[in-house]
Structure formats: C-alpha cells, structure tokens
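Asker: based on what follows, work out the 3D shape:
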Amino acid sequence: PGQSDTPEKDEVCRILFETMIDDYRKIGIGLTGFGMCFLFLGVVFFFDRGLLAMGNILFLGGLTFLIGPKKTMKFFFQKRKLRATACFFGGIVLVLWGWTFVGMILEGFGFMNLFGDFFPIAIAFMRRLPVIGVVLNLPGVKQLIDKVLLQRRLPV
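Answerer: Have a look, this model is predicted:
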C-alpha cells in the first residue's frame, strides 16, 4: 500500500517503444527531421537552392526509411495521387534547376495534396502535447483549425 508501480510500467513502456521502432525507422525519423529543418532554413534564407535541395533529398530518404521502399512507391504512385506526385516531384526538379520560388510553390501544392490526409491525425496528436496542445486548444485557434484543416475526415 502506498507504493507506486510506475518504475515497472516505465520499463514495460520503454521495452515496447524500443521494439516498435527498429533502427531503420530511427534513421528515417532523423533524416526526415533534418530534411524539414533544411527546408525551413532554405526558405528562411531567401530560397537558398542548396539548402532546399538538401532538404528535399533528406526528406525523401527519411520517408523511404520510415515506411520502406515498396510502401513509399505505392504511396506516391496511387492513381488518385498521381497529379499531386507530379507536382511534388516537379517542384523538386525546379528547385534543383534553380527556380527555387516557383519550385517550392509547386512542391508545397503537391505536398498538401499528398499528405493532407495526415493533417487531422497530426493535429489530434499535437493537441495532446504539453506546450503545443495548450496553444492549439485555445478557443480561437481551436475553431480555426477545426474549420480549415479538419473538414476532410478520414474514412473509418
């Protein structure tokens, strides 16, 4: 009585987490994170071609490590997502050729259409985080996000 069994629960959670995320996924998370950072820095530094190109390469490599090569190909080349895929990869090609601003606009359009289905899941997860969740659950912010991003519901 009075003793907590949290150390055992923490150990079980740690073991489950380590077994769920293998080394390839850990690499994928790192590459994707670095890719997003490079893309952000590329935009901040007035659409720097080198940073944007590196960010694109790291993001695509990280995504491939996260979900695997077959699932990556299957995701990008679904019949209903071919136009979004063409915009996304066309934007990457334009960035590599030096048309960074136009390439990022085209790439952003493709990104929104490719990954738009995941935004409601990401918002629901972020609402449970300590600092970001407080901001996302503020009355005005919550209604805005619900109206803009969560209009499309995933089929259950």
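Asker: may I see the buried residues of the longest helix seen in the chain?
Answerer: When the chain is parsed with DSSP state H, its longest helix is helix 23-44. The neighbour-count check on helix 23-44 (16 or more other CB atoms under 10 Å) flags 28, 31-32, 34-35, 38-39, 42-43 as buried. Every C-beta, even on glycine, is put in place using the N, C-alpha and C of the backbone.
Asker: quick one: contacts for residue 145?
Answerer: Shown in contact with residue 145 (CB atoms under 8 Å, 6 or more residues apart in numbering): 123, 136.
Asker: cool, residue 59 as well?
Answerer: Applying CB under 8 Å, 6+ apart to residue 59 gives the contacts 31-32, 35-36, 39.
Asker: what angle do the strand or helix carrying it and helix 23-44 make?
Answerer: Using DSSP states H and E, residue 59 maps to helix 49-67. Angle, helix 49-67 to helix 23-44, by axes from the mean of the first three to the mean of the last three CA atoms, to 10 degrees: 160 degrees.
Asker: how far does helix 49-67 sit from the chain's center?
Answerer: Chain-centre distance of helix 49-67: 11 Å, with CA atoms, centre = their mean, to the nearest Å.
Asker: beyond it, next helix or strand please.
Answerer: Trace forward from helix 49-67 with DSSP H and E and the next one is helix 69-76.
Asker: show me what counts as buried in that following helix.
Answerer: By neighbour count on 16+ other CB under 10 Å, the buried set for helix 69-76 is 72, 76.
Asker: tell me the helix or strand right after that helix.
Answerer: Next along the chain from helix 69-76, counting by DSSP H and E, comes helix 82-97.
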